Structure formats: C-alpha cells, structure tokens
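Asks: A predicted structure for the sequence below; I have some questions about it.
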Amino acid sequence: MGRLEEIAGRGKTAVLTMEMQRGVVGDLAVIRALADVVTSDGIPKRLGALVDGARAAGVPVVHCRAAFRRDRKGSFFNIPLVNRMLEDPNYLVLGEPAADVIPELGPDPRDLDTVRTHGMSPFHGTNLDMGLRSLGVETVVATGVSLNVGIPGVVIEALNHGYNVVLVTDCVAGYPVDYARQVVEHGLGRITTKATAQQLLDLWGV
C-alpha cells in the first residue's frame, strides 16, 4: 500500500474507464465472449462503485470510448479485427446507444469523455492527455477492457506520457480468462502499481 498511497491520493489522480460501452461489454456487445466475462466477474457493479467513490472523493472520472462516424470518415481500415466489425454499418456509431457508456457507470455530469475514431488506445489523436494535465493529474487508474489490447495500450501510452499507472486488477478483463491473467502476472503487473477497487476506495476515504 505504500506505493499506492504515494501516487494515488486525491488531487493528482484520475480514473480512466476503457471501452466500457454498451456495444463492447454491455447489452449491445458484438464480441459476446468478452462481454460475458465482464458480466460474470461482476465488473460493471464493482467499477460502478469505484467511479461513484471517485466522484465523491473529487477524483476525476474519464470515459475513454471508441466510436465511428456512420460513413467511417476519419477512421482507418488498418486493423483486421476492427475492419471486420466495421463491416456492420451500426457498429459503435457516434451518437447511437451502442457507443454509450454502460448504465452502471453513469455517466455523471462531472465525468469527462474522450472519443477516438481510429487506433487501439485513447491517448493518440484525442484530448485525453491535455485534459488530464489541465486537472493536474499525475497518476491514471486503468480500468475496463480489454487485457488483450486496449488496457496494454492505455498503460504503455500513459507511461510514455510520464504518468504513474495504477492497474485495478478486479476492474479489468480479457478473453480467454487464463490469457488475461497471464497478461497481468507477467506483463502489466510488472510495470504498474496493482490495486483492487476496494483498496482505492479505502485510500480515498469513501
């Protein structure tokens, strides 16, 4: 807890939720295997409690979403997995329900929102870095999906931008589950400060 207390106190920390959207992990999810893992692990409720606690403690919450114009302008077709999903004209369309944050997370009027229309992680080509710096944030708390691609992207880009990173081990998921555990144990867990949602809530006194 010493390291966690040092870097994740109020006033210099923000919680990032990665792609916790209805069309990714919710009722409109396209990749059901990942959505089922998120649901079975109880992540929506647990992460909902974490972001509620963060708001109560004055810790900013930032929803990092992926979404696309219906005509796909501004997006690249350079990622095979995403290319296949973009064949569906209704996939994560800006302004449509599938692109919304799942209801367990709000969103709340106090939250910040950043949307990317290309790539696999939320820092490049968005206002995320400047938004965090404008708030004096030094540490980002990484939550959401997936441990396959998105969460490693958040972690590595945040580190490259000079932020400390806290990985909330019970608020992230990937598929298959065994692979996701290996990513945490042998990869991300070695370059981040690991914590549970409850440890953060205790630290913030909420």
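Replies: Sure thing, it's come through.
Asks: wait, is V172 part of a strand?
Replies: Yes - counting by DSSP: H, G, I helix; E, B strand; the rest coil, V172 is part of a strand.
Asks: that one pairs with what?
Replies: Taking DSSP bridges as the rule, V172 bridges to G144.
Asks: for it, report the pLDDT, please.
Replies: Note on V172: pLDDT of 98.
Asks: from memory it sits against V141, does it?
Replies: No - the criterion here is CB atoms under 8 Å, and V172 misses it with V141 at 10.6 Å. (C-beta placed from N, C-alpha, C; glycine too.)
Asks: more neighbours: which of these two?
Replies: Neighbour count, other CB atoms under 10 Å: between V172 and V141, V141 has more, with 30 against 26.
Asks: residues touching A197, list them.
Replies: Residues in contact with A197 (CB atoms under 8 Å, 6 or more residues apart in numbering) are 46-47, 49-50, 168, 170-171.
Asks: excluding its backbone neighbours, what's nearest it?
Replies: L50 (4.3 Å; CB to CB, 6 or more residues apart in numbering).
Asks: how many residues are close by that neighbour?
Replies: Counted by other CB under 10 Å, the residues lying close to L50 total 28.
Asks: how near is it to G58?
Replies: Per CB to CB, to the nearest Å, L50 is found 14 Å from G58.
Asks: just the helices in the chain please.
Replies: Assignment of helices within the chain using DSSP state H yields the ranges 2-7, 32-40, 43-56, 80-86, 128-134, 150-160, 177-186, 197-204.
Asks: and the ones you listed, which one is worst for confidence?
Replies: Of all the helices of the chain, helix 80-86 has the smallest average pLDDT, which comes to a mean of 85.
Asks: identify the residues contacting that one?
Replies: 30, 68, 72, 75, 77, 91-92, 120.
Asks: list the buried ones in that helix?
Replies: Residues V82 are the ones in helix 80-86 that count as buried (16 or more other CB atoms under 10 Å).
Asks: ok, stretch 85-97 next?
Replies: Buried residues in stretch 85-97, counted by 16+ other CB under 10 Å: 91-93, 96.
Asks: from the contacts of A197, list the buried ones, please.
Replies: Buried members of these, counted by 16+ other CB under 10 Å: 46-47, 49-50, 168, 170-171.
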